[in-house]
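Peer 1: need a 3D model of the following:
(chains A and B)
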Amino acid sequence: MTEKSKAKLILEDSTEFSGYSFGFRGNVNGEVVFNTGMVGYPETLSDPSYRGQILVCTYPLIGNYGVPPKEKEYGLLKFYESDKIHCRGLVVANYSDEYSHWSAERSLGEWLKEEKIPAITGIDTRALTRKLREKGTMPGKIIIEENKTINFEDPNKLNLVEEVSTNETIEYSAGKKKIILVDCGTKNNIIRAFLGRDITVIRVPYNYDYLNINADGVLISNGPGDPKINEQTIINAQKVMEKNIPVLGICLGSQILALAAGADTYKLKYGHRGLNQPCNEMGTKRSYITSQNHGYAVHSDSLPLDWREWFINDNDGTNEGLLHISKPFFAAQFHPEASPGPDDTEFIFDMFIRAIG
Amino acid sequence: MIRRDKPKKVLILGSGALQIGQAGEFDYSGSQAIKALKEDGVTSVLVNPNIATIQTSEGFADKVYFIPITFESVVRVIEKEKPDSIFLQFGGQTALNVGVELFKKGILDKFNIKVLGTPIEAIIDTEDRSLFSEKCTAIGLKVANGHTAKNVQEAVSVAKEIGYPVMVRIAYALGGLGSGIVDNKTELIDKAEKAFKFADQILIEESLAGWKEVEFEIVRDKFDNCITICSMENIDPMGIHTGDSIVIAPVQTLTAKENFKLRSIGIKLIRHIGIIGECNIQYALNPNSDDYRIIEVNARLSRSSALASKATGYPLAFIATKLALGYALNEIENDITQQTSACFEPALDYVALKFPRWDLQKFQQVSTRLGSEMKSVGEVMSLGRSFEEVLQKSIRMLDVGLNGFVGNPAYPGQYDDLEKELSEPTDKRNFAIAAALQNNYSIDRIHHLTKITKWFLYKMKNIVDNEKKIKSKPLGKIDKELMTEAKQNGFSDKQIGILTNTDHIVVRNYRKELGVVPVVKQIDTLAAEYPAQTNYLYLTYHGIENDIELAQKNQIAVLGSGPYRIGSSVEFDWCCVTAVNSINRSGKKSIMINCNPETVSTDYDICDKLYFEELTLERVLDIFDKEKPEGVIVSTGGQVPNNLAMKLHNEGINILGTSPIQIDNAESRHKFSQILDKIGVDQPEWEEVTTLKAAKNFSNKVGFPVLIRPSYVLSGAAMSIVLSEDELDLYLKKATELNTEHPVVISKFITDAKEIEVDAVANNGELFCYAIAEHVENAGVHSGDATIVLPPQRTYLETMRRVKLITKQIAKELEISGPFNMQFIAKDNDVKVIECNLRASRSFPFVSKTLKINFIDIATRLMLGEKVAKIDKSSFDLDYVGVKASQFSFTRLKGSDPVTGVEMSSTGEVACLGDDFNEAFLKSMLSTGKRIPRKAVLLSTGTLKNKAELLDDLVILKQMGLKFYGTKGTADYYKLNDLDMEILYRPFDNKEPDVLSYLDDGKIDLVINIPKSSEKLELDRHYIIRRKAVDMNIPLFTNVQATKRFIKSLKQYKSEDLKIKSWDEYE
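Peer 2: Below you'll find the model as predicted:
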């Protein structure tokens, strides 16, 4: 960094943290959440599930390997999870403007500036995380331009899914079998996972009535915010289950499927965001390390008849997946597509593909 | 949870003496394993002659055998103890090799012993190079292109096919012994010939020099749960052994994709091989693409796993034990949070950096070049929240007189050939990088020369840039912002003091006035995602709040011993852990401060608070500012804390035990000498001189030989015995600097004298307990290298009486409270004091465990002011003998002369008990890797006097049926005394038969080579023979007394006569 310009993070409870700006020079608000992953900032920043949020990295050294080029593959950015940065701001402890990696094209700071995302470094992110853990995630704002004011905002009240979902139907053809991908803010790697398995993906808007499309299965994707806002998506899910078509929910999709089945969801105090969440497959001694990013969860007590918990979190016992005892409906609260993260649970895609026959 | 198939009695093989490549990390892992077994109610039997370890202490294993870890003795333990299971993964390569032999020779089958954890077949798959390659390629994973060779010719043809340079590797070798990159056929043949002396096969493979080196620690249970605990990136790329590399956790310069790709590959391979428990996998990663190679898998706990445990807080060895017992990962709790599962991958919110410590300057003629063979003797780990911070901290932790990456008056930054320093790495390359940055070398240029990933170099440049900023300012002009920046970049007060020409205490006070102070952070394995109960702590300047409650009442701090090095190793860790245990039992709260990841003292569960921190005055004061302990113990961690005693005292810290003023009295040669004179205790004559004339005058007055201790060393070892005026002349002109600033201490060296050591504890000046031990070797061998026997076998009663009396007098005069150690020289009944340390010495665990009286526990309790019952005198009267012997690592130190002298060169030690002196002696020799000769002996026995002294013993040796070879002088002498031997010629004699080819051909299995004197010329004459013996792994004796004792014990004991008795059977 050539010049050091001061910046502040202010939380709704009026706690202030001082640091230096390294992204776009502007003020921003959002829900402050923390992620414990130690790598993968290009993927994380472009993950639509972070829509509306100010992301705090608990790992202090960020920017080390720069950011990759915007190469395309299957019409998708190859090294990113969507076309742009979705979180509203970034908070780190120790940003590195100098980077080195063979695949890097530019620095993280340059990318943030281009995408107009404010970022702040020099923060005691551990102290901040401890606060969020104790008090729960809360609205906050990054102040870089002292003379301009900005209010706190709770983005969970917004229809964030609408902001990140595709506006049109896109078909990615790869094979005879077809799935509908209900795009609530899907990560590119979900699409890649199916294309790599020779399955054609038809990506539709989150509220699209896809029941008329002839497909072998339906996948409800990950996405930001409160699942209950997505009423039409829930209704569509109910309809598709009535037709006995195989359905897989991922993350937000898992919550939507649960709501469609009649279960309830709630907001977690500070969510699960990281690459190291252990999930136990119920009734077995197997646990998988999963990549996660969610602020809401399914109430396991509220599961209706014939639904079972599939996975639970080994750390706090919360629900991490559901399945129907007789029908091909299942859901994972975590991200089997990883990116970033461990690929331990990729088998879920294979299971789903077997289910669609 | 009750397991039906749980073992009842487990045999654990330790790793023996500390040596390069196999050090304290195995005390850590073995101790954890025993704790885990205890928790499950499983009986444990431990074989480990390393008496200084914590794992061999009371309260750990149910049975401890201080015997050699060899196939032969382990079989006898099995016959006696009848264990149902065995653990092989906690004793390094030593245990693994013995385990494989037990398996291959059918012993495990015969006694129906189950190998717990990773099956032995899987171990063999990972150890055998070609099997390993097959395993990897079978599932489509990439290994370095290469082939095994069973002889030199094969090696040459494989290398030709691959193309030079090639990497030569040896199967079943610890620390990459004998491995290395060769550039041409001649080098290859040389290396291969040496390698085949150790191994049946070698591997020739493509050279990956310059690739990134990355490691993962992987854990798997029998239910196929498989997770990676820690990733580590070597800052030094491939080509330098990971044990000699600076390593950072987690990886810094890999993308998520690369990271998780390597993770998946590792898990796939580990499942395929069938590891159960813990293992380490190493990769080479192409710095210009995502191409990779798997380098190796260590199917056992290793140095890396110890580091990973400390870096993450995840107790790998403990968990590995539980998994071996059949638990599933998710059935075990995360001990740090006490509410989450052990089945998770730690998320760090800090970085951990390991820096190796080398002691190469201790060795004559050794090469300082780093390569694929490990040379470091210890390591430190620093924790912080930026690379700059951890790098500078770690350099200070090394305790080699460096203040950090920059600001080192000892490294003026001038190099004859800086480019060469950068491209041909030695133990000092980092400081060459600092110099290059200071001289405005571009990052590209440094990268080109070092192949170090640029990101690390950018960070190093930040430090140099920061240095420039400070340098241009007087202290008073450094504002809060710059001060914070400097501290966040790891600058110490001392570095800032050097840059601003200010005393470090002035900097400290100024800094505190500015309000720039560090904060305490926890290592909690989950990056603060869950509340943690952990007491595992570090300090950083990248923070605004302390994580924990500070300054509780009743806290006592113990200062640890820092990195293992020659002269200070696991013995002091035992002393510190013992002191902490005593504090815990006393009802007070213990605070441990140490920075060595290979230790038990840095296990967070042994104390109330663990500060994994620098043992510098600044950092210790930082901690004390926050914690305000009632007192601090400086006498159990060796010389490092001892040196801090006075400085801490001056800052108003309450030092428990002997007053720091008295410590200073004992440390200062002048003051101590005066005290001895005052109480009428004799000492060898000595003088501090600043001119050659004065040196000569003194030496002629007292008579040669004299012992010289320079205060500044130009080359070679620091201390030396000088035999003549000519030699004195040479030595003082060439080897040292002699002037008023750098005086030299000369003392009379007494020949043919015995050395006697006393380890003791006193209470307010009154001797409380003591142990007198005797050196086997005559004076002239450093006490750290000498073989020590307890109780003394050849010392006159009158001498013992005098020794005790003097010890009492000194305790009184120095008002000693706590542990202390004294060294005496005795000739006839004349006793002189040669050293006095007002702290525990390295023989405290040996005497405590041999006598079964814990000197450190007693000392700690006395220092805490507790009443300790007097020890019954009969407790000191033993019916058995203990012998402590030193372990050398000359094999690993290319070029070093394997001869002992006044400078210590051993890296570890063992001690064995026996019914008599000879039994204990022979056991301890076998425990350091010496073998009973079966074929022939090569003799070269020094002076006439030495030759005569050895005559009787050699006759015995000859009667045992061994063939004798001798160098010319030796053969001629013994021929006159009716002891025939064949003459072998030295290389420069240019005559056949040649001694080296006989050694090469394996015709000789014992070399007795006694230098006539310690004169350099004399040493050089036989250097090549000794070196060859070591390179060929042939047992070597260079000392008359030790040789005699060895032969005497061989006469009395055949190996099968050595008794297999556990520690508690010696009563």
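Peer 1: remind me what the least confident helix or strand in chain B by mean pLDDT packs against, helices and strands.
Peer 2: Least confident helix or strand, chain B: helix B:1016-1031 with a mean of 83, by mean pLDDT, DSSP states H and E. The criterion is 3 or more Cβ pairs under 8 Å, 6 or more residues apart in numbering or on different chains; DSSP states H and E, and the helices and strands that helix B:1016-1031 contacts are strand B:936-940, helix B:995-1000, strand B:1006-1009, strand B:1036-1037. Every residue, glycine included, has its C-beta placed from N, CA and C.
Peer 1: neighbouring strands - and their directions - for the strand of greatest length in chain A?
Peer 2: Taking residue count as the measure and DSSP state E as the definition, the longest strand of chain A comes out as strand A:265-281. Based on DSSP bridges, the strands next to strand A:265-281 in the sheet, each with its direction, are strand A:287-298 (antiparallel), strand A:307-313 (antiparallel).
Peer 1: now for these, which one comes closest to B:G163?
Peer 2: Relative to B:G163, the nearest member of the strands paired with strand A:265-281 by Cβ to Cβ is strand A:287-298, separated by 40.7 Å.
Peer 1: buried residues of that closest one, list them for me.
Peer 2: Within strand A:287-298, the residues that qualify as buried by neighbour count (16 or more other Cβ atoms under 10 Å in any protein chain shown) are A:S287, A:Y288, A:I289, A:T290, A:S291, A:Q292, A:N293, A:H294, A:G295, A:Y296, A:A297, A:V298.
Peer 1: now the helices for chain A?
Peer 2: In chain A, the segments counted as helices under DSSP state H are A:41-45, A:108-114, A:125-135, A:160-164, A:188-195, A:231-242, A:252-261, A:347-355.
Peer 1: just for chain B, where's the confidence low?
Peer 2: Across chain B, the stretches falling below the confidence threshold (pLDDT under 70) are B:1-4, B:171-177, B:198, B:412, B:711-718, B:734-738, B:1017.
Peer 1: contact partners for the residue of chain B found nearest chain A?
Peer 2: With Cβ to the nearest Cβ, the shortest gap between chain B and chain A falls at B:A256, namely 3.3 Å. The neighbours of B:A256, taking Cβ atoms under 8 Å, 6 or more residues apart in numbering or on different chains as the test, are A:G37, A:V39, A:G40, A:P42, A:E43, A:S339, A:P340, A:G341.
Peer 1: export stretch B:970-990 to PDB, keeping only CA atoms.
Peer 2: As requested, the backbone C-alpha atoms of stretch B:970-990 are provided in PDB (Å, rounded to 0.1, in the frame of the first residue of the first chain):
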ATOM      1  CA  THR B 970      50.400 -49.300  17.000                       C
ATOM      2  CA  ALA B 971      51.100 -52.700  15.400                       C
ATOM      3  CA  ASP B 972      54.800 -52.400  16.000                       C
ATOM      4  CA  TYR B 973      54.300 -51.600  19.600                       C
ATOM      5  CA  TYR B 974      52.000 -54.500  20.300                       C
ATOM      6  CA  LYS B 975      54.100 -56.900  18.300                       C
ATOM      7  CA  LEU B 976      56.900 -56.300  20.900                       C
ATOM      8  CA  ASN B 977      54.300 -57.200  23.500                       C
ATOM      9  CA  ASP B 978      53.200 -60.500  21.900                       C
ATOM     10  CA  LEU B 979      50.000 -59.100  20.500                       C
ATOM     11  CA  ASP B 980      50.000 -59.600  16.700                       C
ATOM     12  CA  MET B 981      48.000 -57.600  14.300                       C
ATOM     13  CA  GLU B 982      48.000 -56.900  10.600                       C
ATOM     14  CA  ILE B 983      49.200 -53.500   9.500                       C
ATOM     15  CA  LEU B 984      46.900 -51.200   7.600                       C
ATOM     16  CA  TYR B 985      48.200 -48.000   6.100                       C
ATOM     17  CA  ARG B 986      46.700 -44.600   6.300                       C
ATOM     18  CA  PRO B 987      45.700 -42.900   3.100                       C
ATOM     19  CA  PHE B 988      48.700 -40.500   3.000                       C
ATOM     20  CA  ASP B 989      51.100 -43.400   3.600                       C
ATOM     21  CA  ASN B 990      50.300 -44.500   0.000                       C
END
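Peer 1: SS state for the residue nearest to B:E982 when sequence neighbours are not counted?
Peer 2: Using Cβ to Cβ, 6 or more residues apart in numbering or on different chains and skipping residues adjacent in sequence, the residue nearest B:E982 is B:Y965, 5.1 Å away. Under DSSP: H, G, I helix; E, B strand; the rest coil, B:Y965 falls in the strand class.
Peer 1: quickly list what B:Y965 is bridged to.
Peer 2: On the basis of DSSP bridges, B:Y965 takes part in beta bridges with B:L938, B:E982.
Peer 1: how close does it sit to B:Y998?
Peer 2: Per Cβ to Cβ, to the nearest Å, B:Y965 is found 7 Å from B:Y998.
Peer 1: ok, now B:T94?
Peer 2: B:T94 sits at a distance of 29 Å from B:Y998 (criterion: Cβ to Cβ).
Peer 1: ok, back up a step: quick one: the residue nearest to B:E982 and B:S940 touch, right?
Peer 2: No: no contact is recorded between B:Y965 and B:S940 when judged using Cβ atoms under 8 Å, the distance being 9.3 Å.
Peer 1: neighbour-wise, which of the two wins?
Peer 2: Comparing B:Y965 with B:S940 by neighbour count (other Cβ atoms under 10 Å in any protein chain shown), the higher total belongs to B:S940, at 26 against 22.
Peer 1: so what's that one closest to, chain neighbours aside?
Peer 2: Counting by Cβ to Cβ, 6+ apart, the residue nearest B:S940 is B:T967, at 4.3 Å.
Peer 1: among the helices of chain A, which is nearest A:N222?
Peer 2: Of all the helices of chain A, it is helix A:252-261 that lies closest to A:N222, at 5.2 Å by Cβ to Cβ.
Peer 1: who does that closest one touch, helix- and strand-wise?
Peer 2: Packing contacts for helix A:252-261, counted by 3+ Cβ pairs under 8 Å, 6+ apart, involve strand A:217-220, helix A:231-242, strand A:247-250, strand A:265-281, strand A:287-298, strand A:319-324, strand A:329-332.
Peer 1: A:N156 touches A:G225, doesn't it?
Peer 2: Yes: checked against Cβ under 8 Å, the pair A:N156 and A:G225 is within contact range at 5.4 Å.
Peer 1: among the two, which residue is more densely surrounded?
Peer 2: Set A:N156 next to A:G225 and count neighbours by other Cβ under 10 Å: A:G225 wins out with 27 against 18.
Peer 1: helix, strand, or coil at B:P356?
Peer 2: Secondary structure, three-state DSSP: B:P356 is strand.
Peer 1: what's the answer for the one 10 residues further on, then?
Peer 2: Following three-state DSSP, the label given to B:V366 is coil.
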